[in-house]
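Visitor: Here is a sequence with its predicted model. Questions after.
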Amino acid sequence: MNFPLFPDEASAAARQTDYLYCALIGVSLVTMAVVFVPIVIFLFKYRRGKKADRSPVHLPEMKIEITWTIIPMIIFTGLFAWGTEVFWNVERPPANAMEIDVVGKQWMWKIQHPEGKREIDELHVPLGRTVKLLLASQDVIHSFFLPEFRIKQDVVPGRYTTLWFKANKLGTFHLFCSEYCGTHHSAMIGHVIVMKPAAYEAWLTQGETSGTLAQSGERLYRELGCSGCHENSTIVHAPPLGGIFGKSVPLQTGQFVTVDEGYIRDSILLPAKDIAAGYTNDMPSFQGRVNEEQLQQLVAYIKSLPAPVPNNSIQEAK
């Protein structure tokens, strides 16, 4: 029977993490040996009744003090810098990542692909492509944990968190919730299935879908009446949403905020929190009217909206 010391390394981040972990263990073992080996030797050599030379020894105390201060400081500062680099890489998703939405709830992972495919407790991804997960919780704190990828991210109610990876190995790998989330926490498990790109594209077309994530968001956007205010309304003065994602917008307070997924989510549920400059708080809250999956659909639709074309550009085109 095979008992591996580590799980499979299924991503580039896994190898970086393992190298750092082994370095920390190695330095810790050396440090422990430097401290405890002399203690054990002196314990026997100078025990009571043992004939040993106990005459005072004059040592260069200042040199010893400087040596055992400077050398450990250099070693552990280097480890800190190394760990910072690994953390920085893990926490900053690349700009060209494929985005997949994940909702944690008691006790399952509900996953929505941008093409409209949905899964429960399974995540299909293509080999060699960067995947960014937009994580949300519908109830309590969960933690999305992929041990073979060496990544983990808490999923907190009321906010979005992100996680990214690039699978470099085909196969089926574990998916756990590593935060106690209720009586059936231990059953909140699943799998990540890494497929060849062609097989992944074929899998996306299997079964029935209700359109892409953005198309589902558009239907919901119109059902909720959002288009009546945000699309050239003559009654309600609401900000246009086309091309707004990723832009920096001014608020009534004089501050600026970057429009990201979290800002859009808060604007839907807590419209009075950050009011855009030049507008009044006329929008009702949709708290309790849309769930986390629907919020992600609305976010996907707003992200897909193109910037409006200026009138002079239209005239020039004519």
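Guide: That came in fine, so what should we check first? Because the structure is a prediction, the values reported are computed rather than measured. Numbering: from 1, shown residues only.
Visitor: just to confirm, which helix or strand has residue 172 in it?
Guide: strand 171-177 (DSSP states H and E).
Visitor: for this structure, which spans come out with low pLDDT?
Guide: 1-4, 233-236, 309-318 (pLDDT under 70).
Visitor: Would you map the strands across it?
Guide: 98-105, 108-112, 118-120, 122-126, 130-137, 142-146, 151-155, 161-166, 171-177, 189-195, 248-250, 256-258 (DSSP state E).
Visitor: Residue 264 touches residue 302, doesn't it?
Guide: Yes - applying CB atoms under 8 Å as the test, residue 264 and residue 302 come out as touching, 5.6 Å apart. From N, CA and C alone the C-beta is placed, and that goes for glycine too.
Visitor: Touching both of the two, which residues are there?
Guide: Among the neighbours of residue 264, those also in contact with residue 302 (CB atoms under 8 Å, 6 or more residues apart in numbering) are residue 245.
Visitor: So which of the strands of the chain is the most surrounded?
Guide: strand 142-146 (a mean of 24; mean count of other CB atoms under 10 Å).
Visitor: quick one: the residue of the chain positioned farthest from its centre from residue 191, how far?
Guide: Largest separation from the mean C-alpha position in the chain: residue 51, at 62.8 Å (CA atoms, centre = their mean). To residue 191, residue 51 is 67 Å away according to CB to CB, to the nearest Å.
Visitor: Could you do residue 86 as well?
Guide: Distance from residue 86 to residue 191, by CB to CB: 26 Å.
Visitor: Give me the domain ranges for the protein.
Guide: Domain assignment for the chain by automatic domain parsing gives 12-47+58-91, 98-204, 213-309.
Visitor: quick one on the thing from earlier: what's the residue farthest from the centre of the chain in contact with, if anything?
Guide: Per CB under 8 Å, 6+ apart, neighbours of residue 51: none.
Visitor: I'd like the numbering to begin with 197 instead of 1 from here.
Guide: Sure thing, new numbering starts at 197, so read that last one as residue 247.
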